[in-house]
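**Student:** Sequence plus predicted model, see below.
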Amino acid sequence: MITVSRRRLVLGAACAALVVVPTVAGWSTGRALRPSAAPSVSAAPDPAVLMPSVDPALSPSPASTEATLPAGMGAPVGWKLSDVPRFPPAPPPEPITLPPGDEAPFLSRIPVTQPVAFLTIDDGFLKNPEAVKLFAAAGIPVTLFLTTDAIQDDVPFFNRLRDYGAVIEAHTISHPELAGRGYDFQRRQICDGADRLGQWYGRRPVLFRPPFGDKDHTTLRIAKECGLRAVFMWKETVDKGIVRYQEQLKRVQPGDIILMHFRPAFVQDFLAALRAIHRAGLTPALLEDYVPGAGSPAPSVHFPPAHVRDLG
């Protein structure tokens, strides 16, 4: 067990466009901030919330070696190897304890005592050929929450990312807003989407992100019924090379989950996310390593006949 010093850190409750995401000890509740929303405006601080501080001795130090690419991959286009921050290996993970109940937990931050953060990338609509080079150069773990309709035109593209540290998780079939929708609609989007990814990639997802971060109790219950261990929000978003923070402390915190997308500015966004993690003295870690049961494929889930479909 790594011992770190602790101090009381005041956090502001963030809101944007009348959206509020209260957080206590890493667990988030309430309506989520959409990825396209403007940066949050800080509210009154809540001194009751604690975040672990990071001992400087445990923080990654800048590395002197430059990133490299495998032979035959080709040179970077629109970026340089020197643009990629270098990180030490992530520390041995400290898996969290999942709460009991019939709903999957909803998290925007992993409660850690280590100097780590988690990079996640959503959807998969655009397949930038530089993505595999960036993954290879960075050498970090990344979690992909993929929408099956978005990736079905080029399923092998994401397999290439898996060769360089990506793990594929579920993000519905067609990217609808789930909150408020009926049980059957949500179950098809969540369960069938996970099944389809399992067929395509040989590993059924064990984590889930609802589109826009929107969810209700039905979403969380179905996620658990479908064998998904946890449902995820985020603490930072990256778009057009700009990192936006949900809390008044404009810095990536230990355990934060960072969201970006497969968008036209993918190169700038990926590098901006890595720079933000590096500036905070953190190193990227694999989200799945911190969720019990997420390191191996989820068990087969058997649905009633009404939910059995040909997923093709």
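**Tutor:** Yep, that arrived. Numbers count the residues shown, from 1 in each chain.

**Student:** so where's the protein shaky on pLDDT?
**Tutor:** The model of the chain has pLDDT under 70 over residues 1-64, 296-312.

**Student:** Spell out the residue ranges of the helices in it.
**Tutor:** Counting by DSSP state H, the chain has helices at residues 130-138, 148-151, 155-162, 183-187, 193-201, 217-225, 266-279.

**Student:** What's the local residue count around Arg181?
**Tutor:** Using other CB atoms under 10 Å, the number of residues around Arg181 comes to 16. Every residue, glycine included, has its C-beta placed from N, CA and C.

**Student:** got the contact list for it?
**Tutor:** Thr218 (CB atoms under 8 Å, 6 or more residues apart in numbering).

**Student:** Could you rerun that using 7 Å?
**Tutor:** Counting by CB atoms under 7 Å, 6 or more residues apart in numbering, Arg181 touches no other residue.

**Student:** Adding mean neighbour count and distance to Pro70 as columns, could you present the helices of the chain in JSON lines?
**Tutor:** What follows is these, written out as JSON lines (neighbours: other CB atoms under 10 Å; distance: least, CB to CB, whole Å):
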{"stretch": "helix 130-138", "mean neighbour count": "21", "distance to Pro70": "6"}
{"stretch": "helix 148-151", "mean neighbour count": "21", "distance to Pro70": "23"}
{"stretch": "helix 155-162", "mean neighbour count": "16", "distance to Pro70": "12"}
{"stretch": "helix 183-187", "mean neighbour count": "16", "distance to Pro70": "41"}
{"stretch": "helix 193-201", "mean neighbour count": "21", "distance to Pro70": "21"}
{"stretch": "helix 217-225", "mean neighbour count": "20", "distance to Pro70": "37"}
{"stretch": "helix 266-279", "mean neighbour count": "21", "distance to Pro70": "18"}
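
**Student:** Please identify which of those helices is closest to Thr172.
**Tutor:** Between Thr172 and those, the shortest gap by CB to CB is with helix 193-201, which sits at 4.9 Å.

**Student:** Helix 155-162 and the closest one, what's the angle between them?
**Tutor:** Helix 193-201 runs at 80 degrees relative to helix 155-162, counting by axes from the mean of the first three to the mean of the last three CA atoms, to 10 degrees.

**Student:** Touching stretch 126-138 from outside, list them.
**Tutor:** Residues contacting stretch 126-138 (CB under 7 Å, 6+ apart): 67-70, 73, 76-78, 81, 84, 142, 154, 157, 160-161, 164-166, 262-264, 266-267, 270, 274.

**Student:** Could you tell me how far it lies from the centre of the chain?
**Tutor:** 17 Å (CA atoms, centre = their mean, to the nearest Å).

**Student:** could you dump it to PDB, C-alpha only?
**Tutor:** In PDB, the C-alpha atoms belonging to stretch 126-138 read as follows (Å, rounded to 0.1, in the frame of the first residue of the first chain):
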ATOM      1  CA  LEU A 126     -14.300   9.600 -37.100                       C
ATOM      2  CA  LYS A 127     -11.300   7.300 -37.600                       C
ATOM      3  CA  ASN A 128      -8.300   9.500 -37.700                       C
ATOM      4  CA  PRO A 129      -5.300   7.600 -39.200                       C
ATOM      5  CA  GLU A 130      -3.000   9.400 -36.700                       C
ATOM      6  CA  ALA A 131      -4.800   7.800 -33.800                       C
ATOM      7  CA  VAL A 132      -2.800   4.500 -33.900                       C
ATOM      8  CA  LYS A 133       0.400   6.500 -34.200                       C
ATOM      9  CA  LEU A 134      -0.500   8.600 -31.100                       C
ATOM     10  CA  PHE A 135      -1.400   5.500 -29.100                       C
ATOM     11  CA  ALA A 136       1.800   3.800 -30.100                       C
ATOM     12  CA  ALA A 137       3.900   6.900 -29.300                       C
ATOM     13  CA  ALA A 138       2.200   7.600 -25.900                       C
END
